[in-house]
Structures are given as C-alpha cells and as structure tokens.
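Enquirer: sequence first, then the predicted structure:
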Amino acid sequence: MPQINVRPARLDDAAAITAVHCSTVDEWRDPHTRQAVPYAALDLFGRWYSGGPWMSVELCAIHLNALLRAGPAPLVAEVDGRIVGEAEYHINVEPPPFGAALHLSVLYVHQDWQQQGVGRALLDAGLELARQQGLPALTTQPEPDARAFYRRTRFVPWLAASEMQLAAGGTPPPGLSRLMENPGPPAALALRVGRYQCSALDWEPLWPTLALPGWSDLRRWVWQGALNGVPVALGLREQLRDPQQADGYAWLPPAAPLTPAVAALAALAAQAGFIAVDLLLPDSALPDLQKTFALSYQTSLEIWRREIEK
C-alpha cells in the first residue's frame, strides 16, 4: 500500500482538487444540448453542471475559500506530495434524535488511485476529527455504488427517504414571515423535509454563496413562524431544470406532524407561481401523509451513520 498523508486543504490546492474530481468523468456534455463536447468548450456553468464547483479551478477556489472560512477545513490525501483524494466534513447541530454529528458530504478519490486505501485514510481522518470535536457520530449520504465501502467501514443505514412530487395548491397559512437576510440554519429545529445531506448543508441552496449565473439567480424563498403553534422554517427553491417546479424544505421539532408543513409548502409554491413541488420525505411519515396528499414517487435516498468510539 502507498504511504498516504492526510492534511487540511489550502486555497492553493484548488487545481489539484479539480483534477481529482475531473479524473472520473468519461465524457463531458453541454448542459443545454446534452451533446458530448470537449472540456475546453464548456463555460463555468457547464463545468459546474457536470459535477459541482470542483469541476473548474475558478469555482473550486471560491468553494474552498468558503469552506476554509466556515471550518473545519476540507481534507486532502497525498501520495509523494501529489493530491489524490479530497473529503469535506461539516459540523451539523440539530435536536435529538438527529443530534450533533460530523457530516461527510464529499469523499472523492482520483481515478488512478482508487482501491488503494485513499478513501479509508480520508475517512479515518474524519473519525479523528469527530473525536476532537466531541461529536458522537459521522453521517453521510452515499451513492449506491459506494454503499459497500461504507458498510465495510461500519456505517449503517439510518434514515430512508423518498422524493415525492406534490401539486402546488391551497391557501398559505397565517403566522409565517419571509426572511430577507440569512440567519443560518435553525439549530433548535430539525430538517424534516428536504434532507438530502444535513441541516447545515441543505440550508445553503436557499442562500447560495456561489454567484454563478444559472444557479444563483434561481428564485428562492425562506419563511419562519409557526403552524398551529409549532415553530417552523420553510424554504422553496426553483428547480434548475424546470422553472415551473420547486424543491421544498421544512425545519420543525422532531416529533411534530409533517402534514401542516407539507400543506404550507404546497400553498406557498402555488402562490409563487409553481405548478408542483418536490419534497424529500422520511419513509416513516409517508403512510400518514398519503392519506391527505396525492404524492407521486420520484426517487429514493438514504442517510447512513456511524457511531464514534471513544
């Protein structure tokens, strides 16, 4: 096995991190025509669309700068001084049973260095970071082809969710006010609808830090207030591929029923001019919700978790 060194990333690592992420792309496609094109023919939006801010040095540097300011720093894995992998961890704080955890949002290994212990080294460094921060668990949202790796490293499925589409409609409830400035994710509430990663990360698409035309100019709204006396924060974001549809998010107490929040999101979406809203809902809540709403299945997702040994 090669000697792997894991260290915090620096801003001048942007080009090497971009090379890691781009190494696994077999074919680049124009985001508008979907035709195969050379990498050099893509503008910044086209590169971002192909895999996120890591796919171009310029956007990767902006992304890295934001992560370095927020902390903890992303991690890179080196072999003989060459960066061959990258991982990004985020401290997430929510009320029980979600609780505090270190969330792994990105673990990427260069195509030439896969299956050589690089991913495991980055994960071990994350476990140590969680211990240093006093956090009880690591969480992640693995792609299906990565689940075997996470199972081998003692992660287990924790939260199962399904993305369901709901027709927009209804009358927006009283008791909500729109937020015009970003207060950060509500630590006293849990992300119950729209949990694609974790509360800290899923708040960011509603307040994008990346000023990229095509992404930052999507319509977005965030409201806070109370539904039937229950505190909530609700968000809508226009979908990138269909301006008639929105993605919905809801933060509320862990034990609160989801029905009022789902109804409010459908009504707020209609008020904003959307015809439908996509809602990532916990599978455990679907039987009750389907008694009230006509939900159309889109896709499934799982959050996995590993407890930290002291």
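Expert: Good, I have the coordinates. Residues are numbered from 1 along each chain as shown.

Enquirer: domain map for the protein?
Expert: The chain resolves into domains spanning 5-140, 161-304 when parsed by automatic domain parsing.

Enquirer: let's have these in CSV, adding mean pLDDT, mean neighbour count and distance to residue 154.
Expert: Just so you know, the C-beta spots here come from the backbone N, C-alpha and C atoms, and that holds for glycine as well. What follows is the domains of the chain, written out as CSV (pLDDT from 0 to 100; neighbours: other C-beta atoms under 10 Å; distance: least, C-beta to C-beta, whole Å):
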stretch, mean pLDDT, mean neighbour count, distance to residue 154
domain 5-140, 96, 18, 10
domain 161-304, 97, 17, 10
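
Enquirer: shouldn't residue 160 be in contact with residue 304?
Expert: No - with contact defined as C-beta atoms under 8 Å, residue 160 and residue 304 do not form a contacting pair (10.3 Å).

Enquirer: before we move on, the earlier item: which one of the domains of the chain lies closest to residue 150?
Expert: For residue 150, the closest of the domains of the chain is domain 161-304, at 5.5 Å, according to C-beta to C-beta.

Enquirer: now find how far off-centre the closest one is within its chain.
Expert: The gap between where domain 161-304 is centred and where its chain is centred comes out at 14 Å by C-alpha atoms, centre = their mean, to the nearest Å.

Enquirer: now do the strands in the stretch 101-250 of the chain.
Expert: Listed in chain order, the strands of the stretch 101-250 of the chain (DSSP state E, counting those that start in this stretch) span 101-109, 137-140, 156-167, 176-178, 190-193, 220-227, 230-238, 245-252.

Enquirer: packing partners for the first one?
Expert: Packing partners of strand 101-109 (3 or more C-beta pairs under 8 Å, 6 or more residues apart in numbering; DSSP states H and E): helix 14-22, strand 82-92, helix 118-133, strand 137-140, helix 199-203.

Enquirer: make it 7 Å
Expert: Judged by 3 or more C-beta pairs under 7 Å, 6 or more residues apart in numbering; DSSP states H and E, the packing partners of strand 101-109 are strand 82-92, helix 118-133, strand 137-140.

Enquirer: out of those, which is closest to residue 263?
Expert: For the helices and strands packed on strand 101-109, proximity to residue 263 was assessed by C-beta to C-beta; strand 82-92 is nearest, at 27.2 Å.

Enquirer: name every strand pairing with the closest one and say which way it goes.
Expert: Sheet pairing of strand 82-92 (DSSP bridges) gives strand 75-79 (antiparallel), strand 101-109 (antiparallel).

Enquirer: contacts for the last one, please.
Expert: Which is strand 101-109. Residues from elsewhere that reach strand 101-109, judged by C-beta atoms under 7 Å, 6 or more residues apart in numbering: 20-21, 84-92, 118-119, 122-123, 126, 129-130, 133, 135-140, 197-198, 201.

Enquirer: where's that strand relative to the chain centroid, distance-wise?
Expert: On the basis of C-alpha atoms, centre = their mean, strand 101-109 sits 10 Å off its chain's mean C-alpha point.

Enquirer: repeat for the first one
Expert: With C-alpha atoms, centre = their mean as the basis, strand 75-79 stands 23 Å off its chain's centre.
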